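>>> What would the 3D arrangement of this be:
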Amino acid sequence: MDAAMEDAQAQPGGEWDRGSGGADALLGLAGAGASLSVCYHEAFGPHDDLILLEAGDDLLPDLLHGRVTVRGRPEEEAVLCTPSATYAMKFVGTSNSMFLIPPGEAVAPSLRPGHANEDATTTSAAAASIIKVAPGSIELVRTAPRLDKLRSLLRERPYVLDEDLGNGSEHKKGLYTWEDLCVLVQASDSELMDGLNSLSAVEIDGFWRTVDVGSVNTVLDMILHNSVLHDWLLNAVPENAVLSVMESDGFTRKIVTHCLNRFGTKVEQEAASCWSLDEKLVCLQFVRRALSAGKMKLNSFMDKWERSIPSGMRADLQMLEGEVLYEKRGAETWVHAFRVADLPLTPAERFAALFRERPRWEWKDLQPYIRDLSVPGASSEGLLIKYARRTQPSADAEPIFTAR
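Numbers count the residues shown, from 1 in each chain. This is a model prediction of the structure:
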């Protein structure tokens, strides 16, 4: 709106008087019977570059200080992003006439409808000049960041060990900088960074990348191998020592540090910094390896899993929530990989994917796959009611959920 007002000010005779007229006069009205004469300003017109935006008080500081951006490609519905939140932009029309009046009275003559021949003495009785009749306004509604696109972009070209990007621009295809992602992904900066962290992405040579599964397994295996070789405790792997040893083996510090951060927590000690490897995260990586070939009998899977994990770590079935599904086949139980991290992030697409996998879900199986859904203004119960149908044959029976 400011740019459009400046354009109007640049027109001959269209300067706004910052006195008590115009919108200031409207703000000064008091009492139920108060009134004010209005007229068309000489610059009256459609002014398509002027759009009303309805915003709550909590948004005003970001709007007034220029901390908002509108994000979206031409084929997408635009969203407005503050540094920490995303808002859907929806145009809401109105049947009432909304007059846009600039802050001050125009010095140049203004005209009332049907009074084109009035002299300046007559028109000066009008205290406010209308420059536009607005058909409606844009409403802002808090919405979840649209991060599915981030996942698909980063999957185009995961990082692999010993890769050579080359120097030409053609070698950069499928790689995205932070600035690229801000343009392509409809999310606030804070939500975008959270999305990158949830995907275990790392910035390499200015580009945000995920790391190829095979490369992650190789680095993790070498960290575990060196821990045995050098008698490092898995909850106290010395940072400088492991980085030095891994670098001598041909691994870059950037990727080794990324994998340590992916599977552990940095612990600052008096002597030196150490990394404590997380038992669940490490064990789950071996689950994915064990099930990479497809379904397995539960007993065979457990045997393979327990034999593959590092000494001192314990395989626990409770770790598998949101990672695998169990399937009864007669007297035997089979398992296969089905990760919540691979499912769509939007509720409609998430439930569609779940019911494609299984037409009927028990709550204990379904809950791990929907508890991460976050939609402003909607609870998990509300999402269930909207996208699933609940049946319960008896009061003692487990509820069953099917597609609505």
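>>> Please read off the pLDDT at the residue positioned nearest the centre of the chain from the model.
For the chain, the residue nearest the mean C-alpha position is P145 (2.9 Å; Cα atoms, centre = their mean). Reading off the confidence values, P145 has pLDDT 95.
>>> now swap in D164 and tell me
With respect to pLDDT, D164 scores 73.
>>> Let's verify it: helix, strand, or coil?
Following DSSP: H, G, I helix; E, B strand; the rest coil, D164 is assigned to coil.
>>> Let me see the contact set for it.
With contact set as Cβ atoms under 8 Å, 6 or more residues apart in numbering, D164 has no partners. (Each C-beta comes from the backbone N, C-alpha and C, glycine too.)
>>> Start at 711, not 1
OK, 711 is where the count begins now, so the last one is D874.
>>> which regions of the stretch 861-1010 of the chain lie under the pLDDT threshold?
The model of the stretch 861-1010 of the chain has pLDDT under 70 over residues 875-880.
>>> mind listing the helices for it?
According to DSSP state H, counting those that start in this stretch, the stretch 861-1010 of the chain carries its helices in the segments 888-894, 899-908, 923-939, 949-958, 963-973, 989-1000, 1008-1018.
>>> Adding distance to T796 and mean neighbour count, write these out as a markdown table.
Formatted as a markdown table, the helices of the stretch 861-1010 of the chain follow (distance: least, Cβ to Cβ, whole Å; neighbours: other Cβ atoms under 10 Å):
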| stretch | distance to T796 | mean neighbour count |
| --- | --- | --- |
| helix 888-894 | 12 | 15 |
| helix 899-908 | 6 | 17 |
| helix 923-939 | 30 | 17 |
| helix 949-958 | 36 | 15 |
| helix 963-973 | 26 | 18 |
| helix 989-1000 | 29 | 18 |
| helix 1008-1018 | 39 | 15 |
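>>> Which one, of these, ends up nearest to C791?
helix 899-908 (7.5 Å; Cβ to Cβ).
>>> Give me the distance from that closest one to the chain's centre.
From the chain centre to the centre of helix 899-908 is a distance of 7 Å (Cα atoms, centre = their mean, to the nearest Å).
>>> Dump that helix to CSV, restricted to CA.
Written as CSV, here are the backbone C-alpha positions of helix 899-908 (Å, rounded to 0.1, in the frame of the first residue of the first chain):
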residue,chain,number,x,y,z
ASP,A,899,12.5,-19.5,8.1
SER,A,900,12.2,-21.2,11.5
GLU,A,901,9.8,-23.9,10.2
LEU,A,902,12.1,-24.5,7.2
MET,A,903,15.1,-25.0,9.4
ASP,A,904,13.1,-27.4,11.6
GLY,A,905,12.1,-29.3,8.4
LEU,A,906,15.8,-29.6,7.4
ASN,A,907,16.7,-30.9,10.8
SER,A,908,13.9,-33.4,10.8
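>>> Can you give me the end-to-end span of stretch 1053-1060?
End-to-end distance for stretch 1053-1060, by Cα to Cα, to the nearest Å: 6 Å.
>>> With stretch 893-906 instead?
Using Cα to Cα, first and last residues of stretch 893-906 are 15 Å apart.
>>> List the contacts of it.
Residues from elsewhere that reach stretch 893-906 (Cβ under 8 Å, 6+ apart): 781-783, 786, 789, 791-796, 855-857, 859-861, 863, 886, 891-892, 918.
>>> Mind checking which of the residues you listed land in helices?
If you go by DSSP state H, the contacts of stretch 893-906 have K859, L860, R861, L863, L891, C892 in helices.
>>> Between all of these, which two are at the greatest distance?
Greatest spacing in these, by Cβ to Cβ: R861 and C892 (16.1 Å).
>>> quick revisit: give me the number of residues near the residue nearest to the residue nearest to the centre of the chain when sequence neighbours are not counted?
In this structure, P855 finds its nearest non-sequential neighbour in A897, 3.4 Å apart by Cβ to Cβ, 6 or more residues apart in numbering. Neighbours of A897 under the rule other Cβ atoms under 10 Å: 23.
>>> How much space separates E786 from L894?
E786 sits 10 Å away from L894, going by Cβ to Cβ, to the nearest Å.
>>> what residues are up against the residue nearest to the centre of the chain?
Counting by Cβ under 8 Å, 6+ apart, the residues that P855 touches are T796, V895, Q896, A897, S898, E901, L902, G905.
>>> and the residues you listed as TSV, adding distance to K1096?
Shown next, in TSV, are the contacts of P855 (distance: Cβ to Cβ, whole Å):
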residue	distance to K1096
T796	21
V895	25
Q896	22
A897	23
S898	25
E901	23
L902	27
G905	24
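>>> Tell me which strands the top strand by length along the chain pairs with, and in which orientation.
Counting residues, the longest strand found in the chain (DSSP state E) is strand 796-810. When pairing is defined by DSSP bridges, strand 796-810 lines up against strand 789-791 (antiparallel), strand 842-853 (antiparallel).
>>> residues making contact with the last one?
Right, strand 842-853. With Cβ under 8 Å, 6+ apart, strand 842-853 has contacts from 754-757, 760-766, 769, 789-790, 795-804, 807-810, 1085-1087.
>>> mind listing what's buried in that strand?
K842, A844, S847, I848, L850, T853 (16 or more other Cβ atoms under 10 Å).
>>> what about that strand, distance to the chain center?
Strand 842-853 sits 23 Å away from the centroid of its parent chain (Cα atoms, centre = their mean).
>>> before we move on, what about the first one?
With Cα atoms, centre = their mean as the basis, the distance from the averaged C-alpha position of strand 789-791 to the chain average is 11 Å.
>>> what about it, average pLDDT?
96.
>>> Excluding residues flanking it in the chain, which one is nearest G1087?
R852 (6.9 Å).
>>> mind showing which ranges of the stretch 711-860 of the chain have poor pLDDT?
Applying pLDDT under 70 to the stretch 711-860 of the chain picks out residues 711-735, 737-742, 814-837.
>>> try 50 this time
711-730, 816-822, 830-836 (pLDDT under 50).
>>> Spell out the residue ranges of the strands in the stretch 1011-1114 of the chain.
Here the stretch 1011-1114 of the chain has its strands, by DSSP state E, counting those that start in this stretch, at 1034-1039, 1042-1047, 1070-1072, 1098-1101, 1110-1113.
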